[in-house]
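Novice: have a look; sequence and predicted model below, questions after that.
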Amino acid sequence: MHAELAGIRLEACSADIVEVSARCGRAADLAALAREMGSPLPAFGRAAIAGGRLALCVRPERWLLLEARAPAGTTAALWQAACAGYGVAVDLSSGLAALHLAGAAARAMLARTCRLDLDPCVFAQGVAAATIMAQVPATLASLPSGLLLLTPSTTARHLREWLAAAGKAFGLSSEPDLTLAELLGRDCR
Amino acid sequence: MRGPGRIARGLLTDAARPVGFRFDGRPMRGLAGDTLASALLANGKRLVARSFKYHRPRGIVTSGPEEPCALVDVIGNEGREPNRLATTLPLYEGLQAQSQNRWPSLELDARALTDLVARFLPAGFYYKTFMAPAWAWERLYEPLIRRAAGLGTLRPSPAHGAAPAQTVHDHVDVLVVGAGACGLAAARRLAASGMRVVLADQDAVLGGGTLLNDGATQWREAVCAELAGCAAVRSLLRTTVIGAYGHGVFAALEELAPAETAAHGGLRERLRVIRARRVVLATGALERLIAFPGNDLPGVMLAGAALGFLRRYGVAVGRRPAFFLNTDEAYEAVFALASAGIGCAGVIDVRASSLAADRARAQGIEVHGGAVVDAVSGGKRVRSIEIAGSDGRRWRIDADCLLMSGGYSPATALASQLGAQLRWQEAIAAFSADLDPAFGQVAGAARGIFGLAAAARDGEAAARAIAEALRPAVGAAGPAGVVGAVGAAGAGAVRAAVELPPDPEVTPIAPLWEVRGRGKAFVDLQNDVTAADVRLAVREGYTHVEHMKRYTTHGMATDQGRVGGVVGSAVLAEARGVPLAAVGMPKPRPFAQAVPFAALAGGEVGEHFKPKRRLALHDWHEQAGATFAAAGLWLRPLVYSRQSGWDPVLGEARAVRRSVGIADVSTLGKIDVQGADAARFLDFIYANTLSTLPIGRARYGIMLREDGMLLDDGTASRLAAEHFLVTTTTANGTAVFEHLEFHLQAVCPRFDVLLTDVADHWAQFAVAGPRSREVLGAVVAGIDLSAEAFPFMAAAGATIAGVAGRVFRISFSGELAYELAVPAQSALPVWRALLDAGRPFGIAAYGLDALNTLRIEKGHVTGAELNGNTNALDLGLQRMLKTSGDFVGRALSQRPGMSAPDRLQLVGVRPVDRTQPLRNGSQLVAASARRTSLGYVTSSTPSVGLEGWVGLALLAGGRRRTGERLIAASPIDDAHTEIEITSPHQFDPENVRVRA
């Protein structure tokens, strides 16, 4: 068995995903509103967990919020109503697929395609970034449980196939899907 | 065994592990740790190749990757791979190598006759000869020349199972290129300063020049052990940095050792993309040749190579070597061979006297001071050497090899790639380069600091400068700062227990580039370029070094002329009568070494060549028997049948025209546009007006590029006062989103508009046909679908099979039709509910082909007509261009040429004989014999609404020609079909059906 076989777990995470964007000049109002709602919005390039939500920011004044599953469209509608005037909320629950990678070798495997510096000292917990992996867009966040990977849903199967192929040498195993609560409650340190 | 063979224990070879291999079919034995070159020399094999142009016998010249001559074909499971360097190819059991470019054999190559007529084949002969007759170039001359000149033969085995190459991205604070004394010292210092370091070396072991000097062994072993224990330093062996790019990006080729290849399922190489904040170029210096008649005879090689073969593999390259040199450094080979018991035939030193010569004489070695070699005799190997003294005296000595050294040129390729200018250093008679400190440092022999101890000191100094430069940024970097904590403590504390021995004092070089005499004196051994060729280039006017390079091909072979590059420049300088410093060297570009294409492709081959975008219903389509078409990255259902021919397509299209069909149109681009300025922004983006669109309505719109040409078409629906949904064609989804983002950010930055790409979120289905309203009636709740309440181009939110979605009354087919959008995760239940509701009406799923049939006979355009060369007028859409207000492309759409009467315009075409087919791409001509194309058929299909085939075409002045008859000529099908020109809207031109 090769030394790279340190084991990586790949799981899909089911969550509602809403993109909340600040309208022109209203980022501060939106941030205040989010604080009131128990989800402070992280700074650019960061991810934060609060109130059972994961928020990450990889575009200026835009945040991706991952929340527990609710009937289709309701989470986005809630945010859209709440932030009226300050921002807009667009439902991307079906537009993005969330994958989760855990295991010591996950970063080494991703270095086969990811141009970001994934050294734990650099891509430390709480860091988020948008990049390209296996030729498709990917948003990556370092969480206590491992690495969260968001990718467009229509290329998610391609990325999973790529991960499965690259992961062979690292002992990658595909595990059953996770809920967001399970993911955020887990600490794999 | 003929020849001198193995005489000592090599640093890298294991005498206990013999390895069997074959060269040109002949079985031979080497040792584990050998390269093919060292094993061939150990077997006494001198003649290993034939030259590129003249088919002259050639031997091994160097012991490393700069080798110009010893290229071989390797035959293995993966087929026949050409141009492998014998000097770097690790020997393995069963290796089969074959010499190249000879017929019938290496010993007796018939094409060596070329050498006899060489005077008729000077550099660039092919620019001047073989001009007539014109037909003969392609049919006769070129095939002949290609067969006569060249290197190996690529013959991949179709069944080979090699793993594709890997790409790996590495990030470091400092990349140290080269692990000689300089690189090792630099890496050790950087590690002590807390830096993340990659130390890359092309060799199989660390050490570089220290491997060739017994006195440096202890130091090397101590430093290597120290580095091995340091987690922040990664040593990459067999890794050649092949490209230096901007922003600290470097490309390195890591070639796996045979044992590693076996352990990694056949993986042979990794392309490493290394991002470094700084680089230390400790790339050393390359020994160079001297151009003299016969300097290519097997047995003439670099002195340093002989030293390398002896130390590394225990192989003596000859039994009675002579040396021809001009530096004290080259005497290391003289002393090493002498102490290994090899009798020296004599040292020909260009300098009248030197410190090294005195030491040699003291050891009883004969040194001919102030002399040069002006001829080498021997057929296929060196037998004797003719020497000319400075006093005009000539004499001959017998020798079986001639080990030359014309001095050392710093390896400047990577620094040059980073924009460094070459600087002439008189003291070492060589060019060197200094890096901008923002990139890093050049250190050691790479900048002309020769001697192991001096190079190590220089490497350490370079590392200290870099550590100093990076330290302030480290503290500010927060979590990203991996340097720092150790840095402060470690600075200045590095002192090895073992020191390198002091470098001997040396007498400076006496530059010598060429000894002129009778016979060919080569400056580029791989491309067979002689000093005379360089002079010819000057006579022909190619006096700039870059022009000379291209005229003669000097330095353009796979070795990039590394051992003779500066010699060519020197000959050029002499011919031009200017100093060498003024001539310079040709600019080296990536890659610094030949790279297999497979390594560049990496893992993105076969299944992973490009991503596949799959529909949410991909599996359903597959189970329904769909044949898929690749459209961009998308896999789209083409037709729900595996049967070829038009019948299944027409069956699907007929279902739409006669009753109802359903298509998955989720591939359309979809952009959510919100904000107070959303309507204003869309007015600017679209060529037609969107701000007047009422809430709950959709409008067809066209977008132009800045140059006035059509970019895309689609619909925009107003969902609320400040909320629109824009759809684009499948092909242009990403391009249109970028177009909108660009104009929002760069042109309208103050607009209150937010754009979100929602293409993947919404699955969208077209339900089309006269019975479509009835199908929707069973599934859609929350809206009145009657023609009055929900007319053509209406849009509304609705509950579809229990799922919150949107309904649009939009038609691409020309029928009463709707598009229903639901979140992609609910696509399957909604699709199934629609199929169930449609079953009483015989609903059929239809694919891309049927969609095309319907739109072509209706005259709707897609990518074939929106091809980037058409404008609104060409497609008959001129009435959509608004006359007031600005929009993207407005100004340039009003250029006079855009309305020129002879532009290609969209028309419909039909064969006069209705039984005849049409073919896409057919050229429209006035008569069969005419060769002037008036236009071409862009789309065609058998019709379901009309008799026979229908098509769309772009025809010069097309709209004026309605009713005319032309010929649609398809020469590749040998088809000439008489067609009539019609309106593009051939089926239901009054648009009655969509408004039903």
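Specialist: Okay, I see it.

Novice: need the contact list for residue 28.
Specialist: I'll assume chain A. Going by CB atoms under 8 Å, 6 or more residues apart in numbering or on different chains, A:Ala28 touches no other residue. C-betas here are computed from N, CA, C, even on glycine.

Novice: oops, I was thinking of chain B
Specialist: Counted by CB under 8 Å, 6+ apart, B:Met28 has contacts B:20-22, B:39-40, B:43, B:45.

Novice: mind listing what B:Ser390 touches?
Specialist: B:352, B:370-371.

Novice: tell me how many other residues surround A:Thr131.
Specialist: Using other CB atoms under 10 Å in any protein chain shown, the number of residues around A:Thr131 comes to 15.

Novice: in a strand, it, correct?
Specialist: Yes: counting by DSSP: H, G, I helix; E, B strand; the rest coil, A:Thr131 is found in a strand.

Novice: that one is in contact with A:Ala138, isn't it?
Specialist: Yes: in this structure A:Thr131 lies within contact range of A:Ala138 using CB atoms under 8 Å: 5.7 Å.

Novice: what sits in contact with each of the two?
Specialist: Here A:Thr131 and A:Ala138 share the contacting residues A:Cys114, scored by CB under 8 Å, 6+ apart.

Novice: send the alpha carbons of the helix or strand containing B:Ile979 over as PDB?
Specialist: B:Ile979 belongs to strand B:975-982 when assigned by DSSP states H and E. Taking Å, rounded to 0.1, in the frame of the first residue of the first chain, the C-alpha atoms of strand B:975-982 are listed here in PDB:
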ATOM      1  CA  ALA B 975     -24.300  17.100 -54.800                       C
ATOM      2  CA  HIS B 976     -25.900  20.000 -56.700                       C
ATOM      3  CA  THR B 977     -29.400  20.700 -55.700                       C
ATOM      4  CA  GLU B 978     -31.600  23.400 -57.400                       C
ATOM      5  CA  ILE B 979     -33.200  25.400 -54.700                       C
ATOM      6  CA  GLU B 980     -35.600  28.300 -54.500                       C
ATOM      7  CA  ILE B 981     -35.100  31.300 -52.200                       C
ATOM      8  CA  THR B 982     -38.000  31.900 -49.700                       C
END
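
Novice: state the mean pLDDT of it.
Specialist: For strand B:975-982, mean pLDDT rounds to 96.

Novice: in the chain, which helix is the longest?
Specialist: Just so you know, I chose chain A. Identified as the longest helix of chain A according to DSSP state H is helix A:153-167.

Novice: sorry, should have said chain B
Specialist: What stands out as the longest helix in chain B, according to DSSP H, is helix B:452-476.

Novice: pLDDT on it, on average?
Specialist: 87.

Novice: how many neighbours does the nearest residue to B:Tyr92 once chain neighbours are set aside have?
Specialist: Leaving aside its chain neighbours, B:Tyr92 sits nearest to B:Pro258 (4.3 Å; criterion: CB to CB, 6 or more residues apart in numbering or on different chains). Applying other CB under 10 Å, we find 15 residues neighbouring B:Pro258.

Novice: against which helices or strands is the least confident helix or strand in chain A by mean pLDDT packed?
Specialist: Ranked by mean pLDDT, DSSP states H and E, the weakest helix or strand in chain A is helix A:180-185, scoring a mean of 91. When contacts are defined as 3 or more CB pairs under 8 Å, 6 or more residues apart in numbering or on different chains; DSSP states H and E, helix A:180-185 packs onto strand A:8-14.

Novice: tell me how far the helix or strand that the strand it packs on is followed by is from the chain's mean position?
Specialist: Once strand A:8-14 ends, the next helix or strand along the chain (criterion: DSSP H and E) is strand A:16-22. Taking CA atoms, centre = their mean, to the nearest Å, the mean C-alpha location of strand A:16-22 is offset from the chain mean by 12 Å.
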